[in-house]
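got a sequence here, can you model it:
(chains A and B)
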2 protein chains.
Amino acid sequence: MRFLHTADWHIGKKLQGYDRIEEQKYVLSEILTIAKDEQVDAIVIAGDLYDRSVPAVDAIEVFNNLMVEWNLKERFPIFAISGNHDSSIRLSAGTPWFSQTNYYLQTRFEEAFTPIVFQDTQFFLLPYFEPISARIYFEDDRIRTIQQAMEKVITKMKEQFDPAKKHVLVSHFFVMGCTKTDSETKIEVGGLDAISGKLFESFDYVALGHLHNQAALKQENARYSGSPLKYSLSEINQKKGVWIVDLAEQVSLAFRNLTPLYEIEEVTASFKELLDPKFYQGINRENYIQIYLNDRAVIPNMMNQLRKIYPRILGVERVNGRIQQTKRQQKKLVAKEPYKLVQLFFKEMTEEPLTRNQEFWLKETLQEIKEME
Amino acid sequence: MRFLHTADWHIGKKLQGYDRIEEQKYVLSEILTIAKDEQVDAIVIAGDLYDRSVPAVDAIEVFNNLMVEWNLKERFPIFAISGNHDSSIRLSAGTPWFSQTNYYLQTRFEEAFTPIVFQDTQFFLLPYFEPISARIYFEDDRIRTIQQAMEKVITKMKEQFDPAKKHVLVSHFFVMGCTKTDSETKIEVGGLDAISGKLFESFDYVALGHLHNQAALKQENARYSGSPLKYSLSEINQKKGVWIVDLAEQVSLAFRNLTPLYEIEEVTASFKELLDPKFYQGINRENYIQIYLNDRAVIPNMMNQLRKIYPRILGVERVNGRIQQTKRQQKKLVAKEPYKLVQLFFKEMTEEPLTRNQEFWLKETLQEIKEME
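Model (predicted):
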């Protein structure tokens, strides 16, 4: 058994308001290319297919078209589960028809105990779940944590083990001791949502989803694939890709890198440099760019000027702070009329001028105040 | 070819806030019973499967379970389209897998021109569409109305006609000259959204959805099935059911009634009668009941008393109006303190007492006013 392991697609996820659906289509089509190139027997997707429980229609369309291509056209068997970002019931619509062509998308806790047997391997597809599901299923009120739940889950799975087969677990949660980044959201306090990697011992391989960093866990038989794209600035230094898992005699793992349409990049420079073609010719300006500005002066209309050159700015941070005003400047300000003052203050704080509407509202409000006096 | 024609399920639709999912499950299971009993070759669903473009999860679950039972378990071929209440893209997820077992759910305008050939019949599945879709598809800017669009649509369909086969059109819109009721929503002014029944001449049968009244159109070869449940008080006198269509030699139509879990009923009585067991023993109190009250007096705590006996009241209408106050009563009111006055007024208008929260807010507000004086 040789399969490709990916996870955390988060189709529809935006980065600082930038729509990334085209990048997602691009990088997911790379995954198919790798699958063909590596001649895998199957593709495993370990949860968080979508970014939201009610995905937008364009996200649904992307995912649906992908599965049509991968499974119906290219005939790849698919073993997928829902993650914490997915709606279990919404995703489950249609699944009984999918399995006719070896496309297994499991979203219900109780389904996890019936392995999918494919070639020489038993796949246990365990969707993301909360301890309460295990509490109900096992009729055991003592189950309060994911660790407690997983002990029972794995015991029950092992009862279904066919010793003549390999055993793969696909699941979606936080393994103790892993480092995490910004975009996995809501890691509960006290590690109640984490489980110990020791639990995986009986499996030939555990394909994990949840953490976006493929290097978060380095256990011989258990890995996170990580997300195919960088979903936050904190993921800037992460290598993105998929695992090619070969269970032939012993487990062998190879990481295949993915190349995004746009990278995330950090640039430290002065405003003058940023506007200088000689400077920015060395930069892929289409990338997502986090700017560290080393000027200290106030720069009028800064964001608009920068955006004309860098269309995907993530943020601008002043590394040396901004110049403090002198007593004289402050005095000059006090003498100004309120309209001018608010206008200046707004520009200084937001680095944008007032819009027409804002100007209108400001004038109106000042007029009202005047009338009240 | 012998098939069952139904439409306008609106799974998830509420009636005056009452959840009807159990009634929907009940009545839809009756449809399956009829399909088996009548030994039909297929089931046609002419749009508005759901009530909203983003259905609630319980609605999705009901529809999904139904299709699993009807198509995968009972092996009925299904020919369905999306209606104006459905989201074309959301519904389309998974459809390429469905067709493997003769479950066709078409949601895209351009798919309508490839008929599904099943046994001796070509099924043309035309989902609900707006004129703009036809304008783009036919590259014809003159298409402004549904009538104009449908002329082109049907001409194109006829080009695909196999003369050796029967021809069935499944579609979802308003046919000119039909009467409409409350719950079909948004009938555009000027009949721009209506088409002439004459257009159907070339088909052996046209299975329509959109109008909830099966009697709205009586054309030999075209019918609305109507909704399986009464979805508004205005549908109270409509017969609900499904058509059994037999295309054997010439078209033969039979209407099979559906029996709902709860009926809609109108009751005219006095408050005293309504509370009298002798009176209400003759009524199925579980039904949705529209009350026409012939008392004229103000009745304290009326709704609460009635709801204890009739759990599904749609509304209470005073058929003889309410008693006007005498001058003396009015004078008495003026003498009352504000709190008492608001309390009385609220009860008289809503026929409900103030809730605890409302009492609290009222007291607080009156206190504030007092402090301002």
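
so how far is whichever helix or strand A:I289 is part of from its chain's centroid?
Assessed by DSSP states H and E, A:I289 sits inside strand A:288-293. Counting by C-alpha atoms, centre = their mean, to the nearest Å, strand A:288-293 is centred 20 Å from the centre of its parent chain.

next one: stretch A:288-307
27 Å.

secondary structure class for A:E317?
strand (DSSP: H, G, I helix; E, B strand; the rest coil).

was I right about it contacting A:Q290?
Yes. With contact defined as C-beta atoms under 8 Å, A:E317 reaches A:Q290; the gap is 7.5 Å. Backbone N, C-alpha and C define where each C-beta goes, glycine included.

that older thread, now do the strand holding A:I289: everything it contacts.
For strand A:288-293, the external contacting residues (C-beta atoms under 8 Å, 6 or more residues apart in numbering or on different chains) are A:15-16, A:18, A:233, A:236, A:262-271, A:274, A:283, A:306, A:310, A:312-319.

strand partners of that strand, parallel vs antiparallel please.
strand A:264-269 (parallel), strand A:313-318 (parallel) (DSSP bridges).

can I get those in TSV including mean neighbour count and mean pLDDT?
Below are the strands paired with strand A:288-293 laid out as TSV (neighbours: other C-beta atoms under 10 Å in any protein chain shown; pLDDT from 0 to 100):
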stretch	mean neighbour count	mean pLDDT
strand A:264-269	17	94
strand A:313-318	15	91
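
name the helix or strand for A:L341, please.
Going by DSSP H and E, A:L341 is in helix A:338-350.

no wait, A:V117
Per DSSP H and E: strand A:116-118 holds A:V117.

residue boundaries of the helices in chain A?
A:21-37, A:57-67, A:88-92, A:95-98, A:131-137, A:146-159, A:271-274, A:277-280, A:302-309, A:327-334, A:338-350, A:356-372 (DSSP state H).

for the residue of chain A found nearest chain B, which residues are in contact?
Chain B sits closest to A:G94 of chain A, with a gap of 2.9 Å, by C-beta to the nearest C-beta. By C-beta under 8 Å, 6+ apart, the residues touching A:G94 are B:N64, B:A93, B:G94, B:T95, B:W97, B:F98.

helix or strand with the lowest mean pLDDT in chain A?
helix A:327-334 (a mean of 67; mean pLDDT, DSSP states H and E).

can you give me the buried ones in the strand holding A:V117?
Buried positions in strand A:116-118, judged by neighbour count with 16 or more other C-beta atoms under 10 Å in any protein chain shown: A:I116, A:F118.

check stretch A:43-61 too.
Neighbour count says stretch A:43-61 has A:43-51, A:55-57, A:59-61 buried, by 16+ other C-beta under 10 Å.

now swap in stretch A:169-182 and tell me
Those would be A:L169, A:V170, A:S171, A:H172, A:F173, A:F174, A:V175, A:C178, A:T181, for stretch A:169-182 by 16+ other C-beta under 10 Å.

pretty sure A:Y310 sits against A:R285.
Yes. The pair A:Y310 and A:R285 qualifies as a contact (C-beta under 8 Å) at a distance of 5.4 Å.

when the two are compared, which one has more neighbours?
Between A:Y310 and A:R285, counting by other C-beta atoms under 10 Å in any protein chain shown, A:Y310 is the more crowded of the two (21 against 12).

which ones are touching the more buried one?
Contacts of A:Y310 (C-beta under 8 Å, 6+ apart): A:L274, A:Y280, A:R285, A:I289, A:I291.

tabulate these (a markdown table), appending pLDDT and distance to B:A35.
Listed next are the contacts of A:Y310 as a markdown table, based on pLDDT from 0 to 100; distance: C-beta to C-beta, whole Å:
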| residue | pLDDT | distance to B:A35 |
| --- | --- | --- |
| A:L274 | 94 | 69 |
| A:Y280 | 91 | 68 |
| A:R285 | 93 | 62 |
| A:I289 | 96 | 61 |
| A:I291 | 95 | 65 |
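
which parts of the stretch 151-300 of chain A are strands?
Secondary structure of the stretch 151-300 of chain A (DSSP state E, counting those that start in this stretch): strands at A:166-172, A:174-175, A:194-195, A:205-209, A:222-224, A:241-246, A:252-257, A:264-269, A:288-293.

just to revisit the earlier point, and the helix holding A:L341, how far from the chain's centre?
That offset, for helix A:338-350, works out to 37 Å (C-alpha atoms, centre = their mean).

kindly report the residues of the stretch 1-150 of chain A close to chain B.
A:54, A:57, A:60-61, A:63-64, A:68, A:72, A:87, A:89-90, A:92-98, A:100-101, A:103 (C-beta under 8 Å from any C-beta of the partner chain).

again, only this time at 10 Å
Residues of the stretch 1-150 of chain A lying close to chain B (C-beta under 10 Å from any C-beta of the partner chain) are A:53-61, A:63-65, A:67-68, A:71-73, A:87-101, A:103, A:105.

can you redo the buried residues of stretch A:169-182 as a markdown table with distance to chain B and pLDDT?
Converted to a markdown table, the buried residues of stretch A:169-182 look like this (distance: C-beta to the nearest C-beta, whole Å; pLDDT from 0 to 100):
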| residue | distance to chain B | pLDDT |
| --- | --- | --- |
| A:L169 | 26 | 97 |
| A:V170 | 20 | 97 |
| A:S171 | 23 | 96 |
| A:H172 | 19 | 94 |
| A:F173 | 22 | 90 |
| A:F174 | 25 | 87 |
| A:V175 | 29 | 85 |
| A:C178 | 31 | 70 |
| A:T181 | 30 | 56 |
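
among the residues you listed, which one sits closest to B:S133?
A:H172 (39.0 Å; C-beta to C-beta).

beta partners for the closest one?
A:G209.

list the contacts of it.
By C-beta atoms under 10 Å, 6 or more residues apart in numbering or on different chains, the contact set of A:H172 is A:7-8, A:46-48, A:81-86, A:126-129, A:207-211, A:224.

quick check: closest non-adjacent residue to A:S171.
A:L126 (4.3 Å; C-beta to C-beta, 6 or more residues apart in numbering or on different chains).

you'd agree the one you found is up against A:Q106?
Yes. Between A:L126 and A:Q106 a contact is recorded at 7.8 Å, counting by C-beta atoms under 10 Å.

could I get the pLDDT score of the residue positioned nearest the centre of chain A?
Centroid-nearest residue in chain A, with C-alpha atoms, centre = their mean: A:Y231, separated by 4.5 Å. Listed pLDDT for A:Y231 reads 95.

no further queries at this time; thank you.
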